[in-house]
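Participant: Provided below are the primary sequence and the corresponding predicted coordinates.
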Amino acid sequence: MTITLAQTTTLLATVVFMHGVSALVWATLAMVARIAPRASLTMAAANACAAVALTLMARRGAWPDAWTHWPADVLNLASFALLGAAVPGILTSRLPWRPAAAVVVALSLVMLALPDGGDMRWQTRIVSGAGAVLVLVAGVVAWRHLQGLHGRRTPAPLALPLFLIALLLALSCASSFVAPGHGHDPRSTEPINLALLWLALLMTLLQNATLAFLVMMRLIRRIERLLERDPLTDALNRGAFDQALAQAHAGWRRGRGYALVMIDMDRFKQLNDTLGHAAGDAALRWMVNEVRPCLREVDRFGRLGGEEFCVLLPDTDIAGAALVAERMRALVNATPLRWLEQDWPLSASLGIAEAEPGDASASAVLARADAAMYRAKHQGRNVVQA
Ligand SMILES: Nc1nc2c(ncn2[C@@H]2O[C@H](COP(=O)(O)OP(=O)(O)OP(=O)(O)O)[C@@H](O)[C@H]2O)c(=O)[nH]1
């Protein structure tokens, strides 16, 4: 098969065009839609770097070497480093730009110190080798994070394209040993160059599609969170708590016990009437934050309505629930609410119950915990009752 210059030039222009369009789309997501703005801007920068790097490489021979060699290598490397930083940026909102910048600066200096030698062999190996490692690390981060998501079929395979990109880069690095000299002119009509250009196009599509999927996952998670959380306290809302309770009751039928702790703030109307509704809201938020450290990751903290909350303690009996409830009661009562230079003492009445034989549904256990909480109120408040 004869490869013409027109073919390689068209393919190269397509790759540059795809990077350019992707850069625009990511920048729009960041600045107009405000979706994962920092990570989206990082992806826009990654695509822009790749587009400029390829354009510079295409001008080798026509423009001075000082513009088209080292700067193109640095921009290619920066593009992979930015991609590597964008992945954790999208998944966790923490963008590790420092290690990415350190890798780019260190390797750029190394490439600057290396002799050009006419065929750019070592520079090509450094860019694709380091690119493979950076994207591999991003793939591992994405895999681990996606696997750790609770309550859904594992979406970890979403990270697979990143491993494929890392593999393609590693192959590209290896091919520089087999066919030294490639990468010098991306318009070259050698078959290996055509193959590399197709790989570059595939990688462009893969990396942008994968990152777009990760952004979508982030949006879905945010929406799910909004649907199941109470906006004031960030505790589970009534619907989500009832669902967790129903699941726990189904588990109890299979032999796994659970207990409930009902919490009701004391004399809350008085607090609202004296300090105002905003102080009441602050007290609810404060109480939830204060007692959360008493709980394990598997425990579920829900707001049933108003100033009434309930904690679901899986694999816990009444004695265990009594210990947790007493710790919570003491914590709420330990520190007063500080509001406009004024201290307001807080307390809560708590009722506990465990699932028992004969409980047809979770509402029976909930009703017992509620009744126990009312007994605590009648006992003078600020106590735990079973
Ligand atoms: N600030 C604020 N107040 C709320 C919220 N939800 C319910 N409340 C108030 O909580 C108060 C509950 O009052 P009551 O049911 O009489 O109970 P209480 O004053 O705590 O009295 P006891 O439970 O018997 O100790 C009402 O005034 C509600 O308006 C909320 O989200 N924010």
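Facilitator: Sure thing, it's come through. Residues are numbered from 1 along each chain as shown.
Participant: where do the helices sit along the stretch 151-300 of the chain?
Facilitator: Using DSSP state H, counting those that start in this stretch, the helices assigned to the stretch 151-300 of the chain run over residues 160-178, 191-228, 238-253, 268-275, 277-291.
Participant: So for residue 17, which of those sits nearest?
Facilitator: With CB to CB, the closest approach to residue 17 among the helices of the stretch 151-300 of the chain belongs to helix 191-228: 9.6 Å. Every residue, glycine included, has its C-beta placed from N, CA and C.
Participant: I'd like to know which of the helices of the stretch 151-300 of the chain lies nearest to the ligand.
Facilitator: Smallest distance to the ligand across the helices of the stretch 151-300 of the chain (CB to the nearest ligand atom): 2.4 Å, for helix 277-291.
Participant: what does the closest one contact?
Facilitator: 232-235, 263, 265, 268, 271-272, 301, 303, 307, 309, 328, 331-332, 335, 337, 339-340, 344, 346, 348 (CB atoms under 8 Å, 6 or more residues apart in numbering).
Participant: quick one, what contacts the residue nearest to residue 260 when sequence neighbours are not counted?
Facilitator: Using CB to CB, 6 or more residues apart in numbering and skipping residues adjacent in sequence, the residue nearest residue 260 is residue 369, 4.2 Å away. By CB under 8 Å, 6+ apart, residue 369 lies in contact with 260, 261, 262, 310, 351, 352, 353.
Participant: circling back to that earlier point, show me which of the contacts of helix 277-291 are buried.
Facilitator: Neighbour-count burial (16 or more other CB atoms under 10 Å) applied to the contacts of helix 277-291 gives 233, 235, 263, 265, 268, 271-272, 301, 303, 307, 309, 328, 331-332, 337, 339, 344, 346, 348.
Participant: Check which helix or strand residue 352 maps to.
Facilitator: strand 348-354 (DSSP states H and E).
Participant: what is the orientation angle of that strand with helix 238-253?
Facilitator: 30 degrees (axes from the mean of the first three to the mean of the last three CA atoms, to 10 degrees).
Participant: Skip the chain neighbours and tell me the closest residue to the residue positioned nearest the centre of the chain.
Facilitator: Centroid-nearest residue in the chain, with CA atoms, centre = their mean: residue 91, separated by 2.4 Å. Distances taken as CB to CB, 6+ apart place residue 145 nearest to residue 91, at 4.6 Å, with adjacent residues excluded.
Participant: what mean pLDDT would you report for the helix or strand containing that neighbour?
Facilitator: Following DSSP H and E, one finds residue 145 within helix 121-147. Here helix 121-147 scores 90 as its mean pLDDT.
Participant: returning to that earlier point: nearest to residue 84 among the contacts of residue 369?
Facilitator: For these, the residue nearest residue 84 by CB to CB is residue 310; the value is 43.5 Å.
Participant: returning to what we had before: thought the residue nearest to the centre of the chain was touching residue 142?
Facilitator: Yes - at 6.4 Å, residue 91 counts as touching residue 142 under the criterion of CB atoms under 8 Å.
Participant: near the ligand, which residues of the stretch 251-386 of the chain show up?
Facilitator: 264-270, 272, 277, 280-281, 284, 306-307, 377, 381 (CB under 6 Å from any ligand atom).
Participant: can you rerun that using 8 Å?
Facilitator: Neighbours of the ligand within the stretch 251-386 of the chain, by CB under 8 Å from any ligand atom: 264-273, 277-281, 283-284, 305-307, 349, 377, 381.
Participant: Out of those residues, which end up buried?
Facilitator: With burial judged by 16+ other CB under 10 Å, the buried subset of those is 264-268, 271-272, 279-280, 283-284, 307, 349.
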